[in-house]
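Enquirer: Here's my sequence, what's the structure:
(one chain, ligands or ions: 2)
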Amino acid sequence: MSDLSTNHQNMSLTGKLNSQSRRPRLAVTLGDPAGIGPEVVLKALADSQVTSNCEITVIGSRYLLNAAYTQLRHQGIEDVATLASPETLSIIDIELDYGQRPQITPGVGNAASGALSFVYLENAIALTQRGQFDGIVTAPIAKSLWKAAGHDYPGQTEVLAQYSGVKQFGMLFVARSPHSGWVLRTLLATTHIPLSQVPNTLTPLLMGSKLDLLIACLASDFGIKKPRIAISGLNPHSGEQGQLGCEEQDWLIPWLEQERQQRPTIQLDGPVPPDTLWVKPGQAWYGNHQQYAHDAYDAYLALYHDQGLIPVKLMAFDRAINTTIGLPFVRTSPDHGTAFDIAGLGIANATSMKAAISLATELVNQRLSNPLAISG
Ligand SMILES: NC(=O)C1=CN([C@@H]2O[C@H](COP(=O)(O)OP(=O)(O)OC[C@H]3O[C@@H](n4cnc5c(N)ncnc54)[C@H](O)[C@@H]3O)[C@@H](O)[C@H]2O)C=CC1
Ligand SMILES: NCC(=O)COP(=O)(O)O
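Expert: Ligands and ions are numbered 1, 2, ... in the order given. As a prediction, this is how the structure comes out:
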């Protein structure tokens, strides 16, 4: 089980202290420049607690960062402790030509902003593959605007995996409770597919591959060698013996039984009815009793996007981190999206972006100190 401490805010998520001689080098992409990416990046990079343990290079457009900075200053954010000045930042400038500039307006995402966000990610991946960075922290992009720009990917995760030549990868959300210090880890078995496709996409093969990734990641990245993992059911009441859905009886229960036999040191509980699955994590997140954390699991395997992300965002929208597991390098991201509705207003909360940079720093340190433990 993860340990607890009263100093929750400053605790590491991996449970390790930095003992490296060099600082992790991170690429931070701007995401969709019409969204809140530039704002949360400038806010996160103003926080010395976030930046002092790593070397950050922003992958974006200097012109757009300057424009965001000026606009946010006009919104009343004048404190240098709240907003980093682009002049102080290391930036790999994906220059805009003059024709592109008027097309990028805060709050108005379009094919042009979508195209830029794709180029930022591509550059971050290429430079990381060339050894310039140890990890990538991505600001949010809009999937529909990637499509409008001609890039047909479900999200950044799939681009990272494809460009890395990785077939087995997973979307893991990590958050430490500011109330109790307990750490919620939720892996999604399926991600950006229509709900109607979920039952046929879920197979024992897919679940086995996600479980492999999760177990490897818990050991190498979080130091949990004998984890307790809860696996969700698909149907109400996990099917109620087949009365409310057949997937549990047909293959989920037999698959889990087989996994238990093959992995005797790992506690695999499930399929837990999807509604009650989140009661104990809720208690561990909000409660201050040690028993709550002991009753909760080290990780949760949710079967589809909203089954996992509704509880994650209810508990931890301001601070959860999306991390891609199975890549040859570290990748983290805030849990929120482009928030076009508030872009440029100066009210975006950068806590999740700060947490994403801090976790990337910890994960790189972990891998630098134990390179053989890297999964993927
Ligand atoms: N990692 C990524 O790249 C992600 C991208 N998205 C993309 O973002 C776009 C918008 O998605 P939505 O579902 O509307 O989710 P969203 O997270 O962008 O916004 C949902 C609500 O939360 C608010 N919000 C989000 N982040 C906030 C912050 N940091 N501070 C204060 N308020 C915040 C927004 O104003 C909005 O009211 C979509 O195109 C989606 O594909 C969504 C989630 C993650
Ligand atoms: N809902 C999570 C999400 O949209 C993350 O997508 P991405 O990191 O793959 O771009």
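Enquirer: How about stretch 123-134 and ligand 1, touching?
Expert: No. For a cut-off given as C-beta under 6 Å from any ligand atom, stretch 123-134 has no contacts with ligand 1; the smallest distance is 13.2 Å. Every C-beta, even on glycine, is put in place using the N, C-alpha and C of the backbone.
Enquirer: Other residues contacting that stretch?
Expert: For stretch 123-134, contacts defined as C-beta atoms under 8 Å, 6 or more residues apart in numbering pick out 24-27, 29, 57, 59, 92, 94, 135-136, 138, 159-160, 163-164, 329-330, 364, 367-368.
Enquirer: let's see it at 6 Å
Expert: 24, 25, 27, 29, 59, 136, 163, 329, 364 (C-beta atoms under 6 Å, 6 or more residues apart in numbering).
Enquirer: Hmm, residue 36 and residue 68 touching each other?
Expert: No. Taking contacts as C-beta atoms under 6 Å, residue 68 lies outside contact range of residue 36: 9.4 Å.
Enquirer: re earlier: nearest to ligand 1 among the contacts of stretch 123-134?
Expert: residue 29 (9.8 Å; C-beta to the nearest ligand atom).
Enquirer: how near is the closest residue to residue 144 other than its chain neighbours to residue 240?
Expert: Of all residues not flanking residue 144 in the chain, residue 114 sits nearest, at 7.8 Å (C-beta to C-beta, 6 or more residues apart in numbering). To residue 240, residue 114 is 44 Å away according to C-beta to C-beta, to the nearest Å.
Enquirer: do residue 303 as well
Expert: From residue 303 to residue 240 the distance is 17 Å (C-beta to C-beta).
Enquirer: between the two, who's got more neighbours?
Expert: residue 303 (25 against 14; other C-beta atoms under 10 Å).
Enquirer: Look up phi and psi at that one.
Expert: phi -90, psi -20 (degrees, to the nearest 10).
Enquirer: ok, now which ones touch it?
Expert: 189, 202, 232, 234.
Enquirer: Show only the entries of these found in helices.
Expert: Secondary structure from DSSP state H places none of the contacts of residue 303 in helices.
Enquirer: Show me where this structure dips below the pLDDT cut-off.
Expert: Counting by pLDDT under 70, the low-confidence segments of the chain come to 1-11, 15-20, 80, 98, 371-376.
Enquirer: Give me every residue in it lying close to ligand 2.
Expert: Residues of the chain lying near ligand 2 by C-beta under 6 Å from any ligand atom: 141, 155, 156, 157, 309, 322, 333.
Enquirer: Got phi/psi on the fourth one?
Expert: Same thing as residue 157. Note on residue 157: its backbone torsions stand at phi -50, psi -50 [degrees, to the nearest 10].
Enquirer: Next, the contact list for it, please.
Expert: 171, 324.
Enquirer: Number the chain from 501, please
Expert: Happy to do that; since the first residue is 501 now, the last one works out to residue 657.
Enquirer: how far away is it from residue 734?
Expert: With C-beta to C-beta as the criterion, residue 657 and residue 734 are 22 Å apart.
Enquirer: any idea which element the closest residue to residue 534 other than its chain neighbours lies in?
Expert: Spatially, and ignoring its direct neighbours in sequence, residue 534 is nearest to residue 613 (4.0 Å; C-beta to C-beta, 6+ apart). Element membership for residue 613 (DSSP states H and E) is helix 611-629.
Enquirer: residues of that helix that come out buried?
Expert: 611-625, 627-628 (16 or more other C-beta atoms under 10 Å).
Enquirer: Following element in sequence after that helix, please.
Expert: Counting by DSSP H and E, what follows helix 611-629 is strand 635-638.
Enquirer: got the CA coordinates for the following helix or strand past that following strand in PDB?
Expert: Next helix or strand after strand 635-638 toward the C-terminus (DSSP H and E): helix 643-648. Extracted in PDB, the C-alpha atoms of helix 643-648 (Å, rounded to 0.1, in the frame of the first residue of the first chain):
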ATOM      1  CA  LYS A 643      -9.100  15.900 -31.000                       C
ATOM      2  CA  SER A 644     -11.800  17.300 -33.400                       C
ATOM      3  CA  LEU A 645      -9.400  20.000 -34.500                       C
ATOM      4  CA  TRP A 646      -6.700  17.500 -35.200                       C
ATOM      5  CA  LYS A 647      -9.200  15.900 -37.500                       C
ATOM      6  CA  ALA A 648     -10.100  19.200 -39.000                       C
END
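Enquirer: which strands and helices sit next to helix 643-648?
Expert: In terms of contacts (3 or more C-beta pairs under 6 Å, 6 or more residues apart in numbering; DSSP states H and E), helix 643-648 is packed against helix 611-629.
Enquirer: What residues does the stretch 601-750 of the chain have near ligand 1?
Expert: Residues of the stretch 601-750 of the chain lying near ligand 1 (C-beta under 6 Å from any ligand atom): 640, 641, 642, 643, 644, 656.
Enquirer: burial of the last one, as a residue count?
Expert: Burial measure for residue 656: 26 neighbouring residues, criterion other C-beta under 10 Å.
Enquirer: Could you pull up the contacting residues of the residue nearest to it when sequence neighbours are not counted?
Expert: Using C-beta to C-beta, 6+ apart and skipping the chain neighbours, the partner closest in space to residue 656 is residue 638 (5.3 Å). Going by C-beta under 6 Å, 6+ apart, residue 638 touches 529, 656, 833.
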